[in-house]
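Undergrad: Curious how this folds, go ahead:
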Amino acid sequence: MSANQTVIDILDDREKSKKCKKCIFRVPNVLWRQNPQAYTPDVVSIGPFHHYPEKRGKDEGKGGKEGNGEKYFQLMERVKESYLNEILAGMQNITLEELTAKVVELSDQGNEGEFEQRARNFYAEPLDFPKEFIKMMIVDGCFLIQLFRKCDDEKLRAFDDPVFNMDCMFHFLCHDILLLENQLPWFVIHSLYSLIIEIYPKQPSLSFLVLEAFSMLPSLKQSCSSYSKHLPRNNCHFDKDHLHILDLIRSSIVIPLRTIEERAHEAAGKESMSNPEEHEVDSGNRHKGNNKLVHDAIIDPDLHQIRTATELSKSDIKFKMAKKESNQSIMDIRFKKGGWFRNGILEIPQLNVGMSSETLFRNLIAIEQCYHGYSNEITSYAIFMDNLISSKEDMELLCKKKVIGNLMSDEDGCKFFSNLYKDIPHNKFYYVELCKEVNDRYNLRWYTWLALLKFEKFSNPWKVLAFVVAIIVLTLTAWSQTNLIRINWHK
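TA: Predicted structure coming up:
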């Protein structure tokens, strides 16, 4: 795949996203049944899908928190009410009805349809809630906004706020807010936040607030932090260009960060002059395009394969944590060829794998499978990493090289990627050429022999010393024998 083709795919994703708004789904059963907890909220319901007690698992005899929704969500429902009152008080003590009227009026000015119907169109199935729907949107939106504001400004936190007084609660909330079934249309949150910005103009942009909050999670720290650094803190041009919070988080991982300024110019009505080839996601496809190879990969799973980390190391292919850059994505995996005495180096940005990582990746992969406006970038990344890691030894090697920051056990860590895309068809793989390049270098026997020599002769200082002494002795012996032959020849 050429660089230009990669760019086109990503831009097509964004264009499709704008045209089709049905982007909040119930996770298909084939995915959900593998790990119901990864798709089920623990402490808070956002939006309509988990607003009432969930019966899905009960009907199917599977896990989850079926039938106990009200019980598990009671604490956060009280927090929602508290956060709503804080926002209403900050807006000159207006009522919920007055706030709702303002939001509806502001949203309707966009000429994109009536507020309620526009919000319902984001959900992939018909919804009930004839009277409560708008209220639910406003209350849940206020809760999210106030949560992110408090993450950014400690002065807004009440002394008895359970979210910030309990060490684990914020991480539980992050788990729930990242669920595909627990999303709220972005325009709802943005419309509410626009009213707050009018009163507090020095507040950061909504995108910046969300990214700063999620950068507290180890698995998202690098992508969210680097992405937010490219966002003007008080510039809201980017804020409308998302579907929901999960879409923003996916963008921070997938979308090339060097396109941010270009998108800002477009949002401001200016023509961009940048070179599209500079904006690709580097999935090993910086080289000359090979569209046939990519097409074949759709049909032939063997083109997805790459040797495990330990096997590659035996062919003198080294692993290195990619240097952290301000525009780096975890998907920016590169292979640098070596010379005669070094096969190559696979540079991989560090990924911290922890307790929230499976939830994050499962929901990102789920939305790639459900929403036709996305391609399989995250799924491709999971496949590539799973190919590298198939044993405890592979995980230990990558952890030693700081490619993986494993916050779980080695056994759980090595199973992490293999379970993510089980039963998922992948019709496009973004690391085809990278895998081919690495496999071609692996198949060169010279480097296997070289690696074996290095391991047997240079694995510790004593072996190096013995090898050097042996070379010196061999050289002296050869020199002595040559002189002896020369003397005898002249006689």
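
Undergrad: Just give the nearest non-adjacent residue to Arg334, would you?
TA: Glu347 (4.8 Å; CB to CB, 6 or more residues apart in numbering). The way it works is simple: take the backbone N, C-alpha and C, and place the C-beta from them, glycine included.

Undergrad: what is that neighbour paired to in the beta sheet?
TA: Glu347 has these beta-bridge partners by DSSP bridges: Lys320, Arg334.

Undergrad: pLDDT score for it?
TA: Note for Glu347: predicted pLDDT of 92.

Undergrad: ok, now which ones touch it?
TA: By CB atoms under 8 Å, 6 or more residues apart in numbering, the contact list for Glu347 reads Lys320, Met321, Ala322, Lys323, Ile333, Arg334, Phe335, Lys336.

Undergrad: Most neighbours of all those residues, which one?
TA: Counting neighbours by other CB atoms under 10 Å, Ile333 leads these with 24 neighbours.

Undergrad: separation between that residue and Lys428?
TA: From Ile333 across to Lys428, the span is 16 Å (CB to CB, to the nearest Å).

Undergrad: Was I right to think Leu312 contacts Leu346?
TA: Yes. Under the criterion of CB atoms under 8 Å, Leu312 makes contact with Leu346 at 7.2 Å.

Undergrad: list residues touching both of these two?
TA: Counting by CB under 8 Å, 6+ apart, the contacts common to Leu312 and Leu346 are Phe319, Val438.

Undergrad: C-terminal to whatever helix or strand Glu358 lives in, what's the next element?
TA: Per DSSP states H and E: Glu358 is located in helix 357-370. Next helix or strand after helix 357-370 toward the C-terminus (DSSP H and E): helix 377-388.

Undergrad: what about the most centrally placed residue in the chain, is that helix, strand or coil?
TA: Nearest residue to the geometric centre of the chain (CA atoms, centre = their mean): Ile253, 4.5 Å. For Ile253, the assignment made with DSSP: H, G, I helix; E, B strand; the rest coil gives helix.

Undergrad: got it, and Lys318?
TA: Lys318 ends up strand, using three-state DSSP.

Undergrad: Count the neighbours of it for me.
TA: By the criterion of other CB under 10 Å, Lys318 has 16 neighbours.

Undergrad: how about the residue nearest to Pro185 when sequence neighbours are not counted, what does it touch?
TA: Sequence neighbours aside, Phe122 is the residue nearest to Pro185 in space, at 4.2 Å (criterion: CB to CB, 6+ apart). By CB under 8 Å, 6+ apart, the contact set of Phe122 is Lys21, Lys22, Cys23, Ile24, Pro185, Leu243, His244.

Undergrad: For this protein, which residues score under the pLDDT cut-off?
TA: By pLDDT under 70, the weakly predicted segments of the chain are 1-20, 53-71, 110-113, 232-240, 256-303, 326-327, 339-341, 445-470, 490-491.

Undergrad: can you pull out the strands in it?
TA: 317-321, 334-337, 344-348, 351-353, 404-406 (DSSP state E).

Undergrad: Report the buried residues of the third one.
TA: By that I understand strand 344-348. Gly344, Leu346, Glu347, Ile348 (16 or more other CB atoms under 10 Å).

Undergrad: JSON lines please, covering these and showing distance to Val103.
TA: Below are these laid out as JSON lines (distance: CB to CB, whole Å):
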{"residue": "Gly344", "distance to Val103": "55"}
{"residue": "Leu346", "distance to Val103": "50"}
{"residue": "Glu347", "distance to Val103": "47"}
{"residue": "Ile348", "distance to Val103": "44"}
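
Undergrad: Tell me the one of those residues nearest Leu178?
TA: Nearest to Leu178 among these: Ile348, at 23.2 Å, using CB to CB.

Undergrad: Do I have it right that that closest one meets Ala322?
TA: Yes. The criterion here is CB under 8 Å, and Ile348 meets it with Ala322 at 6.0 Å.

Undergrad: Now the common contact residues for these two.
TA: Common neighbours of Ile348 and Ala322 are listed as Ile333 (criterion: CB under 8 Å, 6+ apart).

Undergrad: Of the contacts of Phe122, which pair is most distant in space?
TA: Across these (CB to CB), the longest gap, 11.7 Å, separates Lys22 and His244.

Undergrad: ok, those two, which is more surrounded?
TA: Per other CB under 10 Å, whichever of Lys22 and His244 has more neighbours is His244, with 24 against 16.

Undergrad: Give me the nearest residue to Tyr442, chain neighbours excluded.
TA: Leaving aside its sequence neighbours, Tyr442 sits nearest to Ser315 (CB to CB, 6+ apart; 4.7 Å).

Undergrad: Could you do Val27 as well?
TA: What sits nearest to Val27 in space, not counting adjacent residues and going by CB to CB, 6+ apart, is Tyr39, at 4.6 Å.

Undergrad: And stretch 319-328, end to end?
TA: Stretch 319-328 has an end-to-end distance of 18 Å (CA to CA, to the nearest Å).

Undergrad: what residues does that stretch touch?
TA: Outside stretch 319-328, the residues that reach it (CB under 8 Å, 6+ apart) are 222, 226, 229-230, 256-258, 309, 312-313, 332-334, 345-350, 397-398, 401-403.
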